[in-house]
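Q: The following comprises the amino acid sequence and a computationally predicted model.
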Amino acid sequence: MAFLKQILPALRQAVPPLQRSMSSAADQKRKVAILGAGGGIGQPLGLLMKLNPAVGKLALYDVAGTAGVAADISHINTTAETTGHTGPEELEAALTGADVIIIPAGVPRKPGMTRDDLFNINAGIVKTLAEAIAKYSPSAMVTVISNPVNSTVPIAAETFKKAGTFDPKRLFGVTTLDVVRARTFLAAKKGLDVQSVDVPVVGGHAGVTILPLFSQATPSVTLTDEELEALTKRTQDGGTEVVQAKAGKGSATLSMAYAGALFADAVLKGLNGATDQVQCAYVESSVVPGLQYFSSKVRLGPSGAEEVMGLGTLSAYEQKGLEALKAELKASIDKGVSFANQ
């Protein structure tokens, strides 16, 4: 029994960045809706959001199996009121009044699949959900996890534009997992306290479009050319590493849920008036000419993306990486826009 009583504090000690953020986020209780709550990402994400003191209502939606997940999570003794919603006919109830909507819905990656392979299925799912959001919760902050993010965010944006509800400040592609990986890998390589490490990651959220800026890491580090190449490559291929390690039985679900919860918590804090929330996110941007969407540092606030920051000074290696990602990222953006408007 003593062990059970210690589970919640132990969880929060295990994820100190999330705990520190959550501890000061509860100025106002908010409604959070998770679309795809029954999946491998959605279930642990629902658990983490149930632990967040800023969440007053937690609406869990999926096409099947939601009732069991909602019942399970609802038994956790935190204050968020948890409801389950199953099927398109219950989307309205899940979305109405939502302040933050998180979308992990879609099929996961399997061995041999790229994020682009997921496009035909997940694109349609995101478009359908975006249509419902435009109808039932047009002023919500929308955070998209469903891959390929490089294309699904433009799909959501175009869908909102058609409905007349698009606000670029309120739509985000969640690229936080790339940051989490870069922090973890750098800390392990250089023997640093991972809780003190930060690494901006810019570009997109697939393969070569993921560009970690180790030259801007905190604390400042010196890397050999070999270390820099290896760390960059591992950050870019982190998803594939997990898919291969799970041997066909899943993709990055737990780490993605953690990263999604980190970003959602920052959005909640921004909504509640915090001015110090800066996260990397994939948003509509003019940071890189010719790329309508780009991940870079974003300052969050009550309106959402209050400021989209520039890239700062890039090293020669990073400048080369930026040039290398442009064509692929543009093609992914164009593909999403075309799908939404076909």
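A: Right, received. Where do you want to start?

Q: residue contacts, the residue most central in space within the chain?
A: Nearest to the mean C-alpha position of the chain, counting by C-alpha atoms, centre = their mean, stands Val174 at 2.5 Å. Applying C-beta atoms under 8 Å, 6 or more residues apart in numbering to Val174 gives the contacts Ile102, Thr143, Val144, Ile145, Val149, His205, Ala259, Gly260, Phe263, Ala281, Tyr282. C-betas here are computed from N, CA, C, even on glycine.

Q: how close does Thr83 sit to Lys190?
A: 45 Å (C-beta to C-beta, to the nearest Å).

Q: circling back to that earlier point, could you check how far the residue nearest to the centre of the chain is from Ala327?
A: Using C-beta to C-beta, Val174 is found at 24 Å from Ala327.

Q: Now do the end-to-end distance for stretch 294-310.
A: 11 Å (C-alpha to C-alpha, to the nearest Å).

Q: Can you point out the buried residues in that stretch?
A: Within stretch 294-310, the residues that qualify as buried are Phe294, Ser295, Ser296, Lys297, Val298, Leu300, Gly301, Gly304, Ala305, Val308, counting by 16 or more other C-beta atoms under 10 Å.

Q: Got phi/psi on the residue nearest to the centre of the chain?
A: Note on Val174: backbone dihedrals following degrees, to the nearest 10 are phi -80, psi 110.

Q: What pLDDT is listed against it?
A: Looking at Val174, its pLDDT stands at 98.

Q: can you check Gly68 too?
A: So, for Gly68, pLDDT stands at 97.

Q: Relative to the whole chain's centre, how far out is stretch 131-140?
A: Mean C-alpha position of stretch 131-140 versus that of the full chain (C-alpha atoms, centre = their mean, to the nearest Å) differs by 19 Å.

Q: Please work out the average pLDDT along it.
A: 98.

Q: For that stretch, measure first residue to last.
A: Using C-alpha to C-alpha, first and last residues of stretch 131-140 are 13 Å apart.

Q: and if you look at stretch 78-95?
A: First-to-last residue span, stretch 78-95, C-alpha to C-alpha: 21 Å.

Q: helix, strand or coil for Ser296?
A: Following DSSP: H, G, I helix; E, B strand; the rest coil, we place Ser296 in the strand state.

Q: What sits closest to it if chain neighbours are left out?
A: Of all residues beyond its chain neighbours, the one nearest Ser296 is Val202 (4.8 Å), with distances taken as C-beta to C-beta, 6 or more residues apart in numbering.

Q: Which per-residue confidence value corresponds to that neighbour?
A: 98.

Q: residues contacting Lys246?
A: Per C-beta under 8 Å, 6+ apart, neighbours of Lys246: none.

Q: Now do it against Ala252, distance only.
A: 9 Å.

Q: Please name every helix or strand in contact with the helix or strand encompassing Ile133.
A: When elements are assigned from DSSP states H and E, Ile133 belongs to helix 119-136. Under the contact criterion of 3 or more C-beta pairs under 8 Å, 6 or more residues apart in numbering; DSSP states H and E, helix 119-136 touches helix 91-95, strand 100-103, strand 141-144, helix 149-163, helix 316-341.

Q: Report all helices and strands that the second one contacts.
A: Spelled out, it's strand 100-103. Against strand 100-103 (3+ C-beta pairs under 8 Å, 6+ apart) you get strand 30-35, helix 119-136, strand 141-144, helix 254-271.

Q: so which of these gets nearest Ala157?
A: Among the helices and strands packed on strand 100-103, the nearest to Ala157 by C-beta to C-beta is helix 119-136 (8.4 Å).

Q: Can you list the buried residues in that closest one?
A: Those would be 119, 122-123, 125-127, 129-134, 136, for helix 119-136 by 16+ other C-beta under 10 Å.

Q: got it, and stretch 272-288?
A: Those would be 272, 274, 277-285, 287-288, for stretch 272-288 by 16+ other C-beta under 10 Å.

Q: Now do the buried residues in the helix or strand hosting Asp72.
A: Element membership for Asp72, per DSSP H and E: helix 66-74. By neighbour count on 16+ other C-beta under 10 Å, the buried set for helix 66-74 is Thr66, Val69, Ala70, Asp72, Ile73, Ser74.

Q: Put the alpha carbons of stretch 320-328 into CSV.
A: The C-alpha trace of stretch 320-328 is given here as CSV (Å, rounded to 0.1, in the frame of the first residue of the first chain):
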residue,chain,number,x,y,z
LYS,A,320,24.6,22.5,-45.1
GLY,A,321,21.9,20.5,-43.4
LEU,A,322,19.4,23.3,-43.8
GLU,A,323,20.1,23.4,-47.6
ALA,A,324,19.8,19.6,-47.8
LEU,A,325,16.3,19.5,-46.1
LYS,A,326,14.6,22.2,-48.2
ALA,A,327,13.6,20.2,-51.2
GLU,A,328,12.2,17.2,-49.2
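
Q: quick one: contacts of it?
A: Defining contact as C-beta under 8 Å, 6+ apart, one finds that stretch 320-328 is touched by 202-204, 206-211, 232, 288, 290-291, 311, 314.

Q: again, 6 Å this time
A: Gly203, Val208, Thr209, Leu211 (C-beta atoms under 6 Å, 6 or more residues apart in numbering).

Q: The closest residue to Asp237 other than its chain neighbours: how many residues sit nearby?
A: Nearest non-adjacent residue to Asp237, counting by C-beta to C-beta, 6+ apart: Gly207, 7.4 Å away. Using other C-beta atoms under 10 Å, Gly207 has 18 neighbouring residues.
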